[in-house]
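*Asks:* Below is the sequence, then the predicted model.
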Amino acid sequence: MTENRFAAVDMGTNSFHLIVVEVQDDGSFKLLDREREIIRLGYHKGDELSFISEGETEKAIDILKNFKNVSKLYNAEMRAVATSAVREAKNQLEFVQKVFEQTGINIEVIEGKKEAELIFKGAVKIINPGTKKVLCADIGGGSTEIIFGKQDKIDFAESVKLGAVRLAKKYFPDFILTDNSVAECENYIKEKIEEIKHKAGRLEFDLAVGASGTIQSAAALTLGLAKKKIPKNLGGLLLKKDDLLLLYEEIKMRKKVEERMQMTGMELKRADIIPAGIFILKNIFDIFKIDEMRISEYALREGIIIDTISTQK
């Protein structure tokens with residue numbers, strides 16, 4: 001393996017991501033390649049995200065074989081990390097074993113707090129907030145992470161079972177919004193986010209940072225609603241509360257997937273689950289009294305790279 005080349009795989013509930021990077025002398029990353037595949041783990045069987053089906057397992061194996069081949073092309077050391085869907089699955093051990101037997105990849109199943117810490121490491125590296133106190137939020141398919149920290153120090157990190165895939169399965173199984181299902185979903189979200197707020201206590205922040213697909217999609221959709229150009233890279237953009245509220249109201253009006261697909265900036269494969277993600281984000285803004293949130297293009301996978309480097313020193 002080439003000493004300064006690393007590959008990180010984020011095995012999320014909604015998608016798998018691969019990045020291959022070359023670490024520069026100053027500690028920055030040169031991106032060599034990236035891949036993303038949509039996969040819904042734990043969606044097709046069982047309650048919540050309690051079981052990974054055979055079809056999901058086979059798809060996961062196919063994706064990971066491809067990711068491994070890409071990593072080999074760059075002679076990069078690969079580390080694969082799995083999050084909420086795998087850590088909650090009753091057949092987790094069977095899934096991990098089957099993946100290893102067919103790909104040779106050792107999956108690292110991490111706890112929620114570790115996931116939160118890695119996300120924070122990734123997000124602050126690219127945002128570079130200096131001495132500002134940061135609140136970092138990441139909304140995934142199965143869980144949401146809220147982290148408070150400053151520079152390399154994390155003061156609070158919590159992962160909660162709120163995710164776009166999880167809540168879509170629970171409240172909108174046919175992906176159609178009704179007034180009742182939206183109200184029930186929002187009440188559940190509010191309760192869970194309030195619990196995190198209570199645990200975080202009096203922690204303050206100067207800067208709110210948002211990472212990963214749901215929050216990036218929200219930023220893209222707000223630009224679409226405002227008829228503004230949507231850049232390919234959303235990193236560094238500010239998502240303002242007023243714009244998010246307009247998006248929230250628009251999403252609630254578009255009760256069917258087909259209606260949401262017509263929105264400018266909508267990623268078609270996310271149109272089914274996006275309402276749940278927007279409801280989570282809106283409640284984070286409300287409960288933590290956020291006026292604007294800076295979008296980070298880095299998240300868990302970059303945190304994995306940083307963590308890997310630090311453990312090798």
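*Replies:* Great, that's in hand.
*Asks:* all strands in the stretch 51-200 of the chain, in order from the N-terminus.
*Replies:* 77-82, 107-109, 134-139, 144-150, 153-160 (DSSP state E, counting those that start in this stretch).
*Asks:* strands paired with the fourth one, and their directions?
*Replies:* Meaning strand 144-150. The pairing partners recorded for strand 144-150 under DSSP bridges are strand 134-139 (antiparallel), strand 153-160 (antiparallel).
*Asks:* Report the backbone C-alpha coordinates of the shortest one in PDB.
*Replies:* I take that to be strand 134-139. Taking C-alpha atoms only, strand 134-139 is exported to PDB below (Å, rounded to 0.1, in the frame of the first residue of the first chain):
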ATOM      1  CA  VAL A 134     -19.300  24.700  17.000                       C
ATOM      2  CA  LEU A 135     -22.600  22.900  17.000                       C
ATOM      3  CA  CYS A 136     -22.400  20.200  14.300                       C
ATOM      4  CA  ALA A 137     -25.400  18.300  13.000                       C
ATOM      5  CA  ASP A 138     -25.500  15.300  10.700                       C
ATOM      6  CA  ILE A 139     -28.800  13.700   9.600                       C
END
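*Asks:* Run through who's touching it.
*Replies:* 116, 119-120, 123-124, 127, 144-150, 162-164, 205-212, 214-215, 277, 280-281, 284, 288, 290, 293, 296, 299-300 (CB atoms under 8 Å, 6 or more residues apart in numbering). All C-beta spots, glycine's among them, are computed from the backbone N, C-alpha and C.
*Asks:* for the longest one, same thing?
*Replies:* Surrounding strand 153-160, the residues in contact under the criterion CB under 8 Å, 6+ apart are 84, 111-113, 115-117, 120, 143-149, 192-193, 195-196, 199-200, 203.
*Asks:* In helices only, show me the contacts of strand 134-139.
*Replies:* 116, 119-120, 123-124, 127, 164, 214-215, 277, 280-281, 284, 300 (DSSP state H).
*Asks:* Need the max-distance pair from those.
*Replies:* Val124 and Ala164 (23.6 Å; CB to CB).
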